[in-house]
Structure formats: structure tokens, C-alpha cells
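Engineer: Show me the folded form of this:
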Amino acid sequence: MSWQGYVDQQLVASGHVSKGAIIGLDGSQWAISPGFNLDPSEAAAIAAAARNPSSVLGGGINLQGVKFMVLRADDTAIYVRKGSDGACIVKTNQCVLIGLYGENIQAGQCNMVVEKLGDYLRENNY
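Structural biologist: Take a look at the predicted model:
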């Protein structure tokens, strides 16, 4: 499956992720869903945060020009939220998955979908 296929078929098609992206650990864009306006500087900052999650605790992460509060950050996942919107960011061996959700999606459902794909990619050395 292509990287775009993972975004379209595994993340967004689940109905629990409103927009998704896969970026490299260097912040390069591998795949992104339509309408997800991820700025290159935001992608680079997210990749850096995934490599060093403690660096964003007490700060925040910008997505689509909006600053989100970090709820939790560890070696595999970062959870952020602003109002009814939020995101689950999952680091694998070679990339970072980003799943956004809005007011009609439960955070836990989004987290489960993104983390499950992250587990699958890690198991297959991605």
C-alpha cells in the first residue's frame, strides 16, 4: 500500500479521523489528506517533537496555524487539543502519523485508529 493509501484508507476512511498525514522523521511530507494545510515549518516542529516528546510538554504544537495544548507526550504518541478539536501524533521507526479530529469525533476513537496503524508500521519496521 502506498503512503497516501494509508492516510486515505486506514486513517480518514475509518470515520474516526477527519484529516491525516504521514511525515518523515525529518519533517518531509510523505502523504496528506485533502484540505489538511500542514505548513512545512509545522511538520518539522512535529517531527522534532516526536523525536523529543518532553520538549513540547507545557508548550504546544501548531497545526494548520492553530496552537494546540499538549495533553500527553511520550516516546510513541503525543495528544493535543484545542476546544473540540484535537490530534493524535504517533511516531514509528521511520515516520510520524498525524490524525486530526473535530467535534463529531471522540478523541479516543481517533487515538485508537492512529495508534493501531502506528503499531502495524512499527511491527513491519516502518
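
Engineer: Checking my notes, residue 45 in a helix, right?
Structural biologist: Yes. When DSSP: H, G, I helix; E, B strand; the rest coil is applied, residue 45 is found to be in a helix.

Engineer: My guess is it contacts residue 62. True?
Structural biologist: Yes. Counting by C-beta atoms under 8 Å, residue 45 does reach residue 62; the two are 6.7 Å apart. Where you see a C-beta, it was placed from the backbone N, CA and C, and this is true even at glycine.

Engineer: Tell me who's in contact with residue 125.
Structural biologist: 93-94 (C-beta atoms under 8 Å, 6 or more residues apart in numbering).

Engineer: in this protein, which spans are helices?
Structural biologist: 3-5, 40-51, 107-123 (DSSP state H).

Engineer: Format these as JSON lines; extra columns: distance to residue 11, mean neighbour count and mean pLDDT.
Structural biologist: Below are these laid out as JSON lines (distance: least, C-beta to C-beta, whole Å; neighbours: other C-beta atoms under 10 Å; pLDDT from 0 to 100):
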{"stretch": "helix 3-5", "distance to residue 11": "10", "mean neighbour count": "14", "mean pLDDT": "96"}
{"stretch": "helix 40-51", "distance to residue 11": "15", "mean neighbour count": "18", "mean pLDDT": "96"}
{"stretch": "helix 107-123", "distance to residue 11": "6", "mean neighbour count": "18", "mean pLDDT": "97"}
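
Engineer: Of all those, which one is nearest residue 76?
Structural biologist: Proximity to residue 76 (C-beta to C-beta) singles out helix 107-123 among the helices of the chain, at 6.9 Å.

Engineer: Can you name the residues that contact the residue nearest to residue 51 when sequence neighbours are not counted?
Structural biologist: In space, residue 51 comes closest to residue 25 once its chain neighbours are excluded; the distance is 6.4 Å by C-beta to C-beta, 6 or more residues apart in numbering. Shown in contact with residue 25 (C-beta under 8 Å, 6+ apart): 47, 50-51, 91, 94-96.

Engineer: Provide a list of residues in contact with the residue nearest the centre of the chain.
Structural biologist: Closest residue to the average C-alpha location of the chain: residue 98 at 1.5 Å, with C-alpha atoms, centre = their mean. Residues in contact with residue 98 (C-beta under 8 Å, 6+ apart) are 20-23, 38, 46, 63, 87-89, 114.
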